[in-house]
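Peer 1: Curious how this folds, go ahead:
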Amino acid sequence: DAALRQNVRQLFRRLDRTQEWVENNYYRLPIEQMTGELVSVSRFWNDYAHRNPADPFFSEHFPEAARSFPEMMLALAVLDLPFEAAKHKADIKGNQLTLVTGSPAVVLHREIKPAGEVVAKRTPVLVTQNFFRLDDRFQQVAGEKIDKFVTDEFLLHTVYGCQVVLTNPGSARQRLDVLLQVPVGAIPVSKTRYTRSVHLDLEPYHTQRIEYFFYFPTAGNSQHYPVQVAREEQVIAAADPVVLKAVATPSRLDLASWAHVSQNGTRGEVFEFLRKHNILSLDLGQIAYRVKDPEFFTELLALLRNRRVYDHTLWAYGLLHNDPIAIREYLRHRDGFVKSCGTVLQSPLLVIDPVERRTYQHMDYRPLVNSRRHQLGQRRQILNDRFHAQYHRLLKNISYKTTLDNDDQMAITYYLLLQDRVEEALTFFVGVEPGNLQTRLQYDYFTAYLDLFSDKPRVARTVSEKWLARLAPLPAGDLIAVNAGPDGQRVGYPVDHWRKLFRDVVAHLDEADGRKVADDPETEAARQRKLANSQPNFDINVENKRVTIDFQNVKTVTVNYYLMDIELLFSRNPFVKQDASRFAHIRPNHSVAVPLPGDKARHVVELPERFHNRNVLVEVRGRGLVRSQAYYSNSLALQVVEPYGQVRVTDAASRKPVARVYVKVYARGKDGRVLFYKDGYTDLRGRFDYASLSTNDLENVEKFSLLVLSKNQGAVVKEAAPPKR
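Peer 2: Residues are numbered from 1 along each chain as shown. As a prediction, this is how the structure comes out:
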């Protein structure tokens with residue numbers, strides 16, 4: 001069946017819909033989604049950063065590198081696992097499993113162990129009470145954010161909070177009354193009262209948190225009445241009473257507290273804290289007052305740059321210290337300010353690159369075929385709305401530049417070629433300096449493609465064949481070898497898209513040179529070209545008493561001649577000059593079989609002498625195809641003056657007016673109907689007014705068809721538009 005289907009000739013296939021293509025650094029992600037969040041910090045990447053390059057890399061934390069497709073691919077790339085695993089051996093004896101791996105592997109296991117003793121105790125409500133400093137309530141432990149509770153000293157004039165957590169471990173709802181009280185001698189803040197009672201419904205297996213805030217105005221020991229939980233006026237749970245110690249100056253420096261170190265620590269202690277802790281978890285704004293010192297500012301920014309951390313507030317002090325590097329970094333992060341400066345900018349303190357800021361990316365559009373090659377009207381039109389928007393984005397970007405760089409000229413060249421503006425594209429392309437481009441491939445393709453528009457292409461074949469050798473597909477299973485070629489270019493990286501483009505250039509040149517074209521079965525254009533080249537076809541042209549036949553894949557044809565009553569045929573169908581269908585069931589006046597030479601593509605057949613001075617329809621048949629053309633024997637020259645509805649008939653040789661020539665006029669109306677309009681004869685000047693009538697018929701005319709018939713000089717059929725009114 002497959003072989004039979006191969007032999008069936010395919011019909012014409014319409015062009016695929018135009019698609020928008022971009023270069024993806026990440027799999028199927030637009031440029032605005034290519035952010036650092038795709039591969040974020042985790043224990044897996046921490047293991048990779050601290051690996052020994054001499055040893056294979058493995059990490060038990062590899063499941064943490066599965067938050068996006070790019071991260072999973074990168075994790076697989078760095079893990080030293082084989083593409084194909086060797087055979088492993090597993091041996092189970094009782095409750096013990098012994099696994100001997102044949103190659104590096106990741107082993108996941110789950111183990112069931114006996115639980116500890118369960119103490120049976122009926123606890124209706126669980127309650128805990130802890131204190132925290134409002135401006136330093138969390139800490140990072142093993143990468144996790146946890147509460148940082150205060151258990152020893154409380155600083156004066158510092159806001160603290162009390163966190164009460166209630167848990168209902170039972171299956172019944174608990175209707176509770178909770179009594180809260182600030183410590184003795186403390187002053188409540190943030191809408192907290194000295195004493196308050198809270199009524200709440202605690203759902204089964206739920207937890208609820210209550211917080212209140214206070215500060216100590218004076219030093220000393222303060223009693224704290226703990227939280228009391230009552231149900232139906234019976235106390236069912238309570239926290240332990242505590243004594244809180246308020247001090248003006250702490251007895252020891254809390255070097256683990258950023259809130260304390262940032263405000264009270266020495267310069268060295270601040271930097272030591274920053275070096276040992278996760279900077280992303282710290283409020284760097286708390287040391288903003290310190291960066292007024294130029295030396296502290298310089299040292300701090302150097303540390304933060306080394307840790308890849310940016311803080312908007314700290315960098316703003318670059319303006320105070322007139323630090324150009326810090327100012328550049330600060331302005332680059334001011335998105336609102338950057339947007340007000342346009343899409344492209346080159347200045348000492350601010351550089352706006354639309355690609356870097358993800359506001360612009362180069363896009364390809366293929367396949368894209370335009371209906372018009374030349375400009376129509378005062379403005380050019382791009383019918384594809386997506387391409388129209390992209391082209392104007394490019395124009396907006398380059399409008400902010402004083403000079404165009406090589407990448408700009410390459411992009412302009414491409415988009416002008418998409419609009420079939422070849423001459424303008426060449427103007428920009430000749431200004432490109434290929435040595436300053438990041439890659440040479442695109443430049444060489446433009447060189448080869450634009451060379452096809454010259455009468456004698458000189459470099460297209462050489463350039464294309466050079467790249468076809470480099471882009472050759474690899475054997476199945478082979479890895480891509482990236483090596484430096486003799487001219488510094490990379491070789492051995494097959495890219496199907498570019499290989500097909502260069503192959504099309506070579507095929508174009510082969511066909512133009514008359515060579516056998518090696519078609520690429522992968523491309524639709526090649527399939528269509530192959531079908532077209534193998535399709536039988538011919539065309540004819542009848543003039544000067546000769547029938548010229550241009551043909552391919554046809555060995556013999558039959559030429560039929562039909563004498564025509566030109567006036568009768570015209571009257572039956574005035575707007576079809578060469579309609580052969582009316583002769584399909586009529587025996588031709590003359591017929592001859594003509595063999596066509598196999599080594600040529602054109603053959604000329606002399607018109608039989610008996611038809612030299614007759615009106616005749618020439619029909620050629622062969623390989624299921626029919627071509628026909630009317631041959632009018634005449635020596636008349638016509639000048640149709642459409643703006644005034646007149647025709648002037650002269651002798652073709654002497655150019656003298658011919659009088660008494662019959663003119664029959666039919667009109668096709670705007671409703672599509674064809675009706676007789678008028679007839680008459682030319683005057684002594686050879687003129688005939690074919691449009692004027694004393695009726696309103698001209699108002700409905702869309703097209704005229706004129707038969708000009710001379711008894712001695714033959715006949716001519718012409719079509720004309722009605723005069724503009």
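Peer 1: Look at the closest residue to Arg209 other than its chain neighbours and say how many residues are nearby.
Peer 2: Leaving aside its chain neighbours, Arg209 sits nearest to Val165 (5.3 Å; criterion: C-beta to C-beta, 6 or more residues apart in numbering). Placement of C-beta: from N, CA and C, glycine included. Using other C-beta atoms under 10 Å, Val165 has 15 neighbouring residues.
Peer 1: Would you enumerate the residues in contact with Val165?
Peer 2: For Val165, the contacting residues are Val127, Thr128, Gln129, Thr207, Gln208, Arg209, Ile210, by C-beta atoms under 8 Å, 6 or more residues apart in numbering.
Peer 1: mind saving the C-alpha coords of stretch 445-454 as CSV?
Peer 2: Extracted as CSV, the C-alpha positions of stretch 445-454 are listed here (Å, rounded to 0.1, in the frame of the first residue of the first chain):
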residue,chain,number,x,y,z
TYR,A,445,22.8,33.0,4.2
PHE,A,446,21.8,36.6,3.3
THR,A,447,24.9,36.8,1.1
ALA,A,448,23.8,33.6,-0.8
TYR,A,449,20.1,34.5,-0.9
LEU,A,450,20.6,38.1,-2.2
ASP,A,451,23.0,36.8,-4.8
LEU,A,452,20.1,35.0,-6.4
PHE,A,453,18.6,38.3,-7.4
SER,A,454,21.6,39.1,-9.6
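Peer 1: Show me what it is in contact with.
Peer 2: Under C-beta under 8 Å, 6+ apart, the answer for stretch 445-454 is 410, 413-414, 417, 422, 425-426, 429, 457-461, 463-464, 467, 498, 501-502, 505, 508-509.
Peer 1: What strand or helix carries Val618?
Peer 2: Using DSSP states H and E, Val618 sits in strand 616-622.
Peer 1: where exactly do the helices run in the stretch 551-700 of the chain?
Peer 2: When assigned using DSSP state H, counting those that start in this stretch, the helices of the stretch 551-700 of the chain occupy the ranges 566-572.
Peer 1: where are the low-confidence patches of it?
Peer 2: By pLDDT under 70, the low-scoring segments of the stretch 551-700 of the chain are 576-585.
Peer 1: Neighbouring strands of the helix or strand hosting Gly161 in the sheet, and parallel or not?
Peer 2: Applying DSSP H and E as the criterion places Gly161 in strand 160-167. Take DSSP bridges as the rule and strand 160-167 pairs in its sheet with strand 126-133 (antiparallel), strand 207-215 (antiparallel).
Peer 1: In JSON lines, list those strands along with mean neighbour count.
Peer 2: Converted to JSON lines, these look like this (neighbours: other C-beta atoms under 10 Å):
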{"stretch": "strand 126-133", "mean neighbour count": "16"}
{"stretch": "strand 207-215", "mean neighbour count": "16"}
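Peer 1: rewinding a little: now the contacts of stretch 445-454: which count as buried?
Peer 2: 410, 413-414, 417, 422, 425-426, 429, 457, 460-461, 463-464, 467, 498, 501-502, 505, 508-509 (16 or more other C-beta atoms under 10 Å).
Peer 1: Tell me the helix or strand right after the strand holding Gly161.
Peer 2: strand 174-181.
Peer 1: name the helices or strands packed onto that following strand?
Peer 2: strand 160-167, strand 195-202, strand 207-215, strand 228-231 (3 or more C-beta pairs under 8 Å, 6 or more residues apart in numbering; DSSP states H and E).
Peer 1: want to throw the ones you listed into TSV with distance to Arg379 and mean pLDDT?
Peer 2: Listed next are the helices and strands packed on strand 174-181 as TSV, based on distance: least, C-beta to C-beta, whole Å; pLDDT from 0 to 100:
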stretch	distance to Arg379	mean pLDDT
strand 160-167	68	96
strand 195-202	71	92
strand 207-215	66	95
strand 228-231	79	91
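Peer 1: Make a markdown table from these and add distance to Glu60 to it.
Peer 2: As requested, the helices and strands packed on strand 174-181 are exported to a markdown table (distance: least, C-beta to C-beta, whole Å):
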| stretch | distance to Glu60 |
| --- | --- |
| strand 160-167 | 33 |
| strand 195-202 | 40 |
| strand 207-215 | 32 |
| strand 228-231 | 43 |
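Peer 1: Any buried residues in the one helix or strand Ala246 maps to, and which?
Peer 2: According to DSSP H and E, Ala246 maps onto strand 242-247. With burial defined by 16+ other C-beta under 10 Å, the residues of strand 242-247 counted as buried are Leu244, Ala246.
Peer 1: Show me what it pairs with in its sheet, parallel or antiparallel.
Peer 2: strand 153-155 (parallel), strand 220-224 (antiparallel).
Peer 1: out of these, deepest packed?
Peer 2: The highest mean neighbour count among these, using mean count of other C-beta atoms under 10 Å, belongs to strand 153-155: a mean of 19.
Peer 1: contacting residues around it?
Peer 2: Here strand 153-155 has contacts from Phe131, Tyr160, Phe216, Leu244, Lys245, Ala246, Val247, Ala248, Pro250, Ser251, using C-beta under 8 Å, 6+ apart.
Peer 1: For the second one, grab the count of nearby residues.
Peer 2: Read that as Tyr160. Close neighbours of Tyr160, defined as other C-beta under 10 Å, add up to 24.
Peer 1: which ones are touching it?
Peer 2: Phe131, Phe132, Arg133, Leu134, Val150, Phe154, Phe213, Phe214, Tyr215.
Peer 1: you'd agree the fourth one is up against Gly161?
Peer 2: Yes: with contact defined as C-beta atoms under 8 Å, Leu134 reaches Gly161; the gap is 5.5 Å.
Peer 1: ok, those two, which is more surrounded?
Peer 2: Gly161 (18 against 15).
Peer 1: Report the beta-bridge partner residues of the residue found closest to the more buried one once you drop the neighbours it is linked to in the chain.
Peer 2: Closest residue in space to Gly161, ignoring its immediate chain neighbours: Phe213 at 4.8 Å, by C-beta to C-beta, 6+ apart. Counting by DSSP bridges, Phe213 forms beta bridges with Gly161, Val189.
Peer 1: What residues does Phe213 make contact with?
Peer 2: Leu134, Val159, Tyr160, Gly161, Cys162, Pro188, Val189, Ser190, Thr192.
Peer 1: Mind pulling up the pLDDT for the first one?
Peer 2: Reported pLDDT at Leu134 in the predicted model: 90.
Peer 1: Ignoring the adjacent residues along the chain, who's closest to it?
Peer 2: Using C-beta to C-beta, 6+ apart, the nearest residue to Leu134 is Val159, at 4.4 Å.
Peer 1: Hmm, Phe216 and that neighbour touching each other?
Peer 2: No: using C-beta under 8 Å, Val159 is not in contact with Phe216, being 10.0 Å away.
Peer 1: With neighbour numbers in mind, choose between the two.
Peer 2: More crowded of Val159 and Phe216, by other C-beta under 10 Å: Phe216, with 22 against 14.
Peer 1: for the contacts of Tyr160, which one is nearest Arg614?
Peer 2: Distance to Arg614 across these (C-beta to C-beta) is lowest for Leu134, with 111.7 Å.
Peer 1: Any figure for the gap between that closest one and Pro588?
Peer 2: 108 Å (C-beta to C-beta, to the nearest Å).
Peer 1: do Glu37 as well
Peer 2: 80 Å.
Peer 1: what about the two, which has more around it?
Peer 2: Pro588 (17 against 10).
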